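A.B. asks: Sequence and predicted structure are below.
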Amino acid sequence: MSHHKGGNSGEKSVQLNLITQLRHNYDQSTIKDYNFYVQPVKKGNKYGGEESQRARSILFISLGLIVANSYGEQVSLVVPENGLISLNIPLTKTRYGSYSTRTTHPSFLHKVEKILSSIAIQNDIVNPYRFKTKGEMLAQSKNYELVAQLAHKTRSCAHPSNKRWVKRNEDHCGNCVPCIIRRASMYKSELDAYSDHYITDVISNPIGQDLRAFRIGLSRYSSFRGNRLFEILKSGPIPCSDDELREYIDVYERGMEEVENFLNQK
């Protein structure tokens, strides 16, 4: 399942191209494409329109649940997000609360499942990669050759439409949080290639507020001598067993070190 918001960002074409590539490599009957147009109505809306994107988390989950439920009440909604992004620990004090998205945070998903249970919807929500970094997801893929072939055709950037303003063709700005984590994961998996895919190379041209936030967050992370539990709880409570809590702490540590290794490369 995928979504796009139209405009000139080209999201839909990227998604359709990847679906086509997957169908060439796997049984076509196992690859289903459900693509939704998602964009708030801003003109002619009697309520004034929605200017923010704060409701997008529940919207994305709801769209996925509609598809899962259409196949059956016991079909799980699989949300494949890496652990570092899911926890989304605030990098600076300006990123607490609603200033950061937590679509796949364990607490948010747990609360959504409680709501579903109260209205007799049985589909559960599963994130199989909650204890892996993005780099580990790539490196440990069962089909690494296909990942290496298609990785550069995917898109992670939070601001894909920025290329219009600078009149460039690259699909990634290179200095937003998703771009930095993407490149860190590709670097770990020996797939990173700056020149053809990013407007800005944060290694040779370290600019941008997200890069500064990462530097601040990494500095605090490196100097922190207390229990990491208090760090990961800054983004919200985590309803889980003690063993799972330890795994969340571990994936947070490995994720931060993955980004640090990328940014500090020689």
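C.D. replies: Happy to help now that I have it.
A.B. asks: CA atoms for contacts and neighbours, from now on please.
C.D. replies: Fine.
A.B. asks: how many other residues sit next to Asn123?
C.D. replies: Asn123 has 19 neighbouring residues, counting by other Cα atoms under 10 Å.
A.B. asks: what residues are up against Ala213?
C.D. replies: 91-92 (Cα atoms under 8 Å, 6 or more residues apart in numbering).
A.B. asks: Against Ser141, how distant is it?
C.D. replies: To Ser141, Ala213 is 30 Å away according to Cα to Cα, to the nearest Å.
A.B. asks: Repeat that for Leu116.
C.D. replies: 32 Å.
A.B. asks: same check, this time on Gly83
C.D. replies: From Gly83 over to Ser141 the distance is 16 Å, taken as Cα to Cα.
A.B. asks: Looking at the two, which is more packed in?
C.D. replies: Between Gly83 and Ser141, counting by other Cα under 10 Å, Gly83 is the more crowded of the two (27 against 11).
A.B. asks: How about the more buried one: what's its closest non-neighbour residue?
C.D. replies: Arg130 (4.3 Å; Cα to Cα, 6 or more residues apart in numbering).
A.B. asks: check contacts around that neighbour.
C.D. replies: 80-83, 86, 248.
A.B. asks: Which among those residues count as buried?
C.D. replies: For these, a neighbour count by 16 or more other Cα atoms under 10 Å gives the buried set as 81-83, 86, 248.
A.B. asks: So which elements touch the longest helix seen in the chain?
C.D. replies: Using DSSP state H to define each element, the chain has its longest helix at helix 242-263. If you count contacts as 3 or more Cα pairs under 8 Å, 6 or more residues apart in numbering; DSSP states H and E, helix 242-263 packs onto helix 83-87, helix 177-188, helix 209-223, helix 228-232.
A.B. asks: what does it contact?
C.D. replies: 83-84, 87, 130-135, 180-181, 183-185, 187-188, 202-203, 218, 221, 228-229, 232, 238.
A.B. asks: which one in the chain is furthest away from the centre?
C.D. replies: Lys46 (32.9 Å; Cα atoms, centre = their mean).
A.B. asks: That residue: what secondary structure?
C.D. replies: Three-state assignment for Lys46 (DSSP: H, G, I helix; E, B strand; the rest coil): coil.
A.B. asks: Okay, it and Leu16: tell me how far apart.
C.D. replies: Lys46 sits at a distance of 34 Å from Leu16 (criterion: Cα to Cα).
A.B. asks: now do Gln265
C.D. replies: Distance, Gln265 to Leu16, using Cα to Cα: 35 Å.
A.B. asks: For these two, indicate the residue with more neighbours.
C.D. replies: The neighbour count for Gln265 versus Leu16, taken as other Cα under 10 Å, is higher for Leu16 (14 against 8).
A.B. asks: The more buried one: which element?
C.D. replies: Element membership for Leu16 (DSSP states H and E) is helix 11-25.
A.B. asks: Kindly provide the whole-number mean pLDDT of whichever helix or strand comes after that helix.
C.D. replies: Later in the chain than helix 11-25, the nearest helix or strand by DSSP H and E is strand 35-37. For strand 35-37, the mean pLDDT works out to 86.
A.B. asks: do the same with stretch 56-64
C.D. replies: Mean per-residue pLDDT for stretch 56-64: 90.
A.B. asks: what's the answer for stretch 2-19, then?
C.D. replies: 77.
A.B. asks: What's the end-to-end length of that stretch?
C.D. replies: From its first residue to its last, stretch 2-19 covers 10 Å (Cα to Cα).
A.B. asks: which regions of the stretch 1-150 of the chain lie under the pLDDT threshold?
C.D. replies: Applying pLDDT under 70 to the stretch 1-150 of the chain flags residues 6-9, 40-45, 47-51, 97-99.
A.B. asks: Start from the N-terminal end of it and give the helices.
C.D. replies: 11-25, 56-71, 83-87, 106-118, 134-139, 144-150 (DSSP state H, counting those that start in this stretch).
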